[in-house]
Each structure stands twice: as structure tokens, then as C-alpha cells.
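**Q** the following block contains a protein sequence and its predicted model.
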Amino acid sequence: QLNLQTKLLKVLQTKEIIRIGGNKPIPLDIRVIASTNKDLQKEIATGTFRYDLYYRLNVVPIYVKPLRERKEMIPDLTREFLNKYNKKYGKDIIIQEKAMDLLKEYKWPGNIRELENLIERMVVINNDGIITYNRIASILELDINENNGSEPRSLKNMVEELEKSVILKCVRKYGSVNKAASILG
């Protein structure tokens, strides 16, 4: 990685490249827009990012807040992604208002990409024509009452749901039922 950073730094400084197998420099007229979700100051301190490349790229820094700090954008983004994937897959899926509220409450560790991927998944797997609160909560693996508080559940039902959730997560993590069963005893 540092080797590639060195080559990129040279291109930015000289504003020219030499093709593989060539010997004639080719001048470039470029502007670079770079983005990262890493703390580059920490990366420099640990030696995984070159400080001179950082200062070459850090001419006009722009900080974009994570989605969890811009929740007012979630409805518009959701509608945009719904339109995009409805067209792509030839569907006409809509989203339940309660489901939209859940999207606004979620923390979004994966930011906008996570929201877009969720909406695409909802469109692809949906056969009902509507994205529901329970479907989203299930996919995001949120701990919800299936009845959304309308009826209390028995302890037995809650334990069964928890067991099912733990087993499914273990199977996903280890890739096989046998391995999950062995690990869970």
C-alpha cells in the first residue's frame, strides 16, 4: 500500500505518468478528489499512510457528516433509492410510514451505502408491494416485538425468538449448520 502511495505522490508532484513499458512522460492536467472514512492523522501516526501524500491531498478538506447525523435526509434518499430500484427491477414497491420512521431511528453505521443496499434488497425480495416495519427490523436484526407492542408476548415465545436469532447468526457467521451446532453445543 505504501508503494502505491509513493507512486501516486510522484504523479501528483510531477503531473505526468509513464506508461508501463514506455519511456516517454505523458503530461497530465488533472484534479484529484479523494474521500475516506478513516482518520488519516491516525493512519499517519501508525505508518500506514504517507504524511506527504496527506498534505498533497488535503488542500480543501470537506467534512461530510455521517448519515446518522443527517436523519432529515433519510426520507428523500429512501424515495430516490426506491425509484431507482423499482425502475431497475420493474417493480412498484412502496414503503410503510412506520417503516420509514424506523429508518430514521436506525444508527446507520454503513452510512448511505448501507441505506441504498437495504432499499435495493427490499425491492428485490419483496413480493407484497410494500416495505414493512417488521421486514426492515428483521433485516437490520433489530430487537423488536413482532406485534409492535400491541400484545405482550410470553417468556417462552421471547426465549424461542432469541434462540432462533442466535442460531441464525451463528450459522451465517460459520457457514454451516454442523459447525454452528458444534459451537453452540
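**A** Looks like it arrived, so ask away. Residues are numbered from 1 along each chain as shown.
**Q** specify the helix with the largest residue count in the chain.
**A** Secondary structure of the chain per DSSP state H: the longest helix is helix 155-174.
**Q** got the buried residues for that one?
**A** Within helix 155-174, the residues that qualify as buried are 170-171, counting by 16 or more other C-beta atoms under 10 Å. All C-beta atoms are positioned from the backbone trio N, CA, C, and that covers glycine.
**Q** and after that helix, which helix or strand comes next?
**A** Moving toward the C-terminus from helix 155-174, the first helix or strand encountered (DSSP states H and E) is helix 177-184.
**Q** distance from that following helix to the middle of the chain?
**A** On the basis of C-alpha atoms, centre = their mean, to the nearest Å, helix 177-184 sits 29 Å off its chain's mean C-alpha point.
**Q** strands of the protein, residue ranges please.
**A** Taking DSSP state E as the test, the strands found in the chain are 16-18, 25-27, 94-95, 130-131.
**Q** please identify the most buried of these.
**A** Ranked by mean neighbour count, the strands of the chain are led by strand 130-131 with a mean of 18 (mean count of other C-beta atoms under 10 Å).
**Q** can you list contacts of it?
**A** Strand 130-131 is contacted from outside by 93-96, 99, 119, 122, using C-beta atoms under 8 Å, 6 or more residues apart in numbering.
**Q** mind listing the helices for the protein?
**A** Assigned by DSSP H, the helices in the chain fall at 2-14, 40-46, 51-57, 74-89, 97-105, 111-125, 133-139, 155-174, 177-184.
**Q** pLDDT averaged over the first one - what is it?
**A** What it means is helix 2-14. Averaged over helix 2-14, pLDDT sits at 91.
**Q** same deal with the last one?
**A** Mean per-residue pLDDT for helix 177-184: 85.
**Q** next one: the fifth one
**A** pLDDT averaged over helix 97-105 equals 94, rounded to a whole number.
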